[in-house]
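Engineer: Predicted model follows, preceded by the sequence.
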Amino acid sequence: AQKVTQAQTEISVVEKEDVTLDCVYETRDTTYYLFWYKQPPSGELVFLIRRNSFDEQNEISGRYSWNFQKSTSSFNFTITASQVVDSAVYFCALSEGSGGGADGLTFGKGTHLIIQP
Amino acid sequence: NAGVTQTPKFQVLKTGQSMTLQCAQDMNHEYMSWYRQDPGMGLRLIHYSVGAGITDQGEVPNGYNVSRSTTEDFPLRLLSAAPSQTSVYFCASRPPGQRIYEQYFGPGTRLTVT
C-alpha cells in the first residue's frame, strides 16, 4: 500500500528565512509519481511540481527547489528567502504508475507553513 | 476553457437529507475523481472514474455514490447525509494515457451536515 508522510504539521519562520518541508513516501511500485501542491488560505489547490520515479534530478524554480532521493524515499521541498505570500498548507502526494494513476493520488496530511513578517 | 468546475461552493444539510455535488470539466479528460479534505487528514480519495460508464471506489467510499454518464460530468451523491460527511470536497480530472501529469482540481465544495 502506498503512503505519504509529512511529519511536520506546522512550521513557522520569519520572512526571508529558508525553510524545508519534508516528505517521505512508501510504495512497492518501481514506477510512481510524486507531487507537491500548495493550498493558500483561499482554499484552492495549486499544482507546484510533478516528478516521476525515474528522474532523480533535483529541480529549481525561482525560490522553490525540490530534492528527490530514492535511497531515502524522500521528496523534500525548500523555499529560499521565504515571503509572507508563501504562507499556506503544502501537500505532498504520490501516484503509483502501474495502473496508469487512474486510482488517484495519495496525499500526506500537509504542512502548514506560516511566514511571519 | 473553464477547467474543473464544482457546484455549489457551500452547502448546509440536515442529517438524513440527500444531495448531489456537481463536477464538470471541459478539457476532455478521461480520468476524474472525488476527494474529501478534513482538518489534519489531507485529502482522501472517495471515488474515481477512468471514463464514461466506469467508476471505482477509493479509500473512503462509504456513504457516497457516483456515476459517469458523460466524459464531462462526474456527480457525487450523498443519499443520507451524516455529520461525519462534513468536509470540503474536491473534484479532480487529468488527461488520459499512462503518463501521469498533474491533476486539475476544482475550487471545492464546503459541506456542513448538522
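Structural biologist: Happy to help now that I have it.

Engineer: Name all residues that make contact with residue A:59.
Structural biologist: Applying Cβ atoms under 8 Å, 6 or more residues apart in numbering or on different chains to residue A:59 gives the contacts A:49, A:51, A:65-66. To be clear about C-beta, it is placed using only N, CA and C from the backbone, and glycine gets the same treatment.

Engineer: Contact residues of chain B facing chain A?
Structural biologist: B:31, B:33, B:35, B:40-45, B:48, B:50, B:56, B:58-59, B:88, B:90, B:92, B:94, B:97-98, B:100-105, B:107-108 (Cβ under 8 Å from any Cβ of the partner chain).

Engineer: taking these one by one, which sit in strands?
Structural biologist: B:31, B:33, B:35, B:42-45, B:48, B:50, B:56, B:88, B:90, B:92, B:94, B:104-105 (DSSP state E).

Engineer: Report how many residues lie close to residue 43.
Structural biologist: All of this is about chain A. Residues near residue A:43, counting by other Cβ atoms under 10 Å in any protein chain shown, number 14.

Engineer: Hmm, no, I was thinking of chain B.
Structural biologist: 30.

Engineer: Next up, phi/psi of residue A:84, please.
Structural biologist: phi -60, psi -30 (degrees, to the nearest 10).

Engineer: I'd guessed it sits against residue A:115; true?
Structural biologist: Yes. Shown here, residue A:84 and residue A:115 form a contact pair, counting by Cβ atoms under 8 Å, at 5.0 Å.

Engineer: got a list of what the residue nearest to the spatial centre of chain B touches?
Structural biologist: Centroid-nearest residue in chain B, with Cα atoms, centre = their mean: residue B:34, separated by 2.9 Å. Residue B:34 is in contact with B:21, B:23, B:45-48, B:58, B:64, B:66, B:74, B:76, B:89-92, counting by Cβ under 8 Å, 6+ apart.

Engineer: One more: residue B:52?
Structural biologist: B:68-71.

Engineer: ok so, going back, report how many residues lie close to the closest residue to the residue nearest to the centre of chain B other than its chain neighbours.
Structural biologist: Nearest residue to residue B:34, sequence neighbours excluded (Cβ to Cβ, 6 or more residues apart in numbering or on different chains): residue B:46, at 4.3 Å. Using other Cβ under 10 Å, residue B:46 is surrounded by 24 other residues.

Engineer: Surely residue B:46 is in contact with residue B:63?
Structural biologist: No. At 9.0 Å, residue B:46 and residue B:63 do not qualify as touching, with contact defined as Cβ under 8 Å.

Engineer: and after the lowest-mean-pLDDT helix or strand in chain A, which helix or strand comes next?
Structural biologist: Here the helix or strand of chain A ranked lowest by mean pLDDT, DSSP states H and E is strand A:59-61, holding a mean of 87. Downstream of strand A:59-61, the first helix or strand assigned by DSSP states H and E is strand A:64-69.

Engineer: Okay then, goodbye and thanks.
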